[in-house]
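In: Sequence and predicted structure are below.
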Amino acid sequence: QVQLVESGGGLVQPGGSLRLSCAASGGTFTTYAITWFRQAPGKEREFVAAVNWSGGTYYADSLKGRFTISRENAKNTVYMQMNSLKPEDTAVYYCAARRFAVVENPSQYNYWGQGTQVTVSA
């Protein structure tokens, strides 16, 4: 059983930056792919970025160049640096885990954090 805890969300002005963290416990962290999803009010949960068990990274096409995902296995933590934030980035951000490979379908993930709110507003 893997437990995930997100942190780092908050209120930021357009153009600002935030770094989200996803801390994992339980399981063997190095065998898990960790993915960030987000869900805005009235919208479906969407894939944002992911890192697989060996460190390979994946991004939603619309976010490439603004978001950077990384993992620090020694701390059982995945980070997502978000730069040049826009109001349309406002959402609850969730991290999720599954063994080894990244997929973009949220239904394929076994473990989820509780989410962290990101609000981009002037």
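Out: Perfect, thanks for sending it. Note that the coordinates shown come from a computational prediction; the quantities given were computed from them, not determined experimentally. Numbering: from 1, shown residues only.
In: Ignoring the adjacent residues along the chain, who's closest to N52?
Out: Residue nearest to N52 in three dimensions, not counting chain neighbours: A33, with 4.5 Å by CB to CB, 6 or more residues apart in numbering. Bear in mind the C-beta positions are built from the backbone N, C-alpha and C, glycine included.
In: Contacts only, for that neighbour.
Out: Going by CB atoms under 8 Å, 6 or more residues apart in numbering, A33 touches A50, V51, N52, W53, A97, R98, R99, F100, A101, V102.
In: what about the residue nearest to the spatial centre of the chain, distance to A122?
Out: Central residue of the chain (CA atoms, centre = their mean): W36, 2.4 Å from the mean position. W36 sits 24 Å away from A122, going by CB to CB, to the nearest Å.
In: And the pLDDT at G27?
Out: In this prediction, G27 carries a pLDDT score of 83.
In: Can you tell me the closest non-neighbouring residue to it?
Out: V2 (4.1 Å).
In: and what of N110?
Out: Here the residue nearest N110, using CB to CB, 6+ apart, is R98, at 5.6 Å.
In: Fine, thanks again, bye for now.
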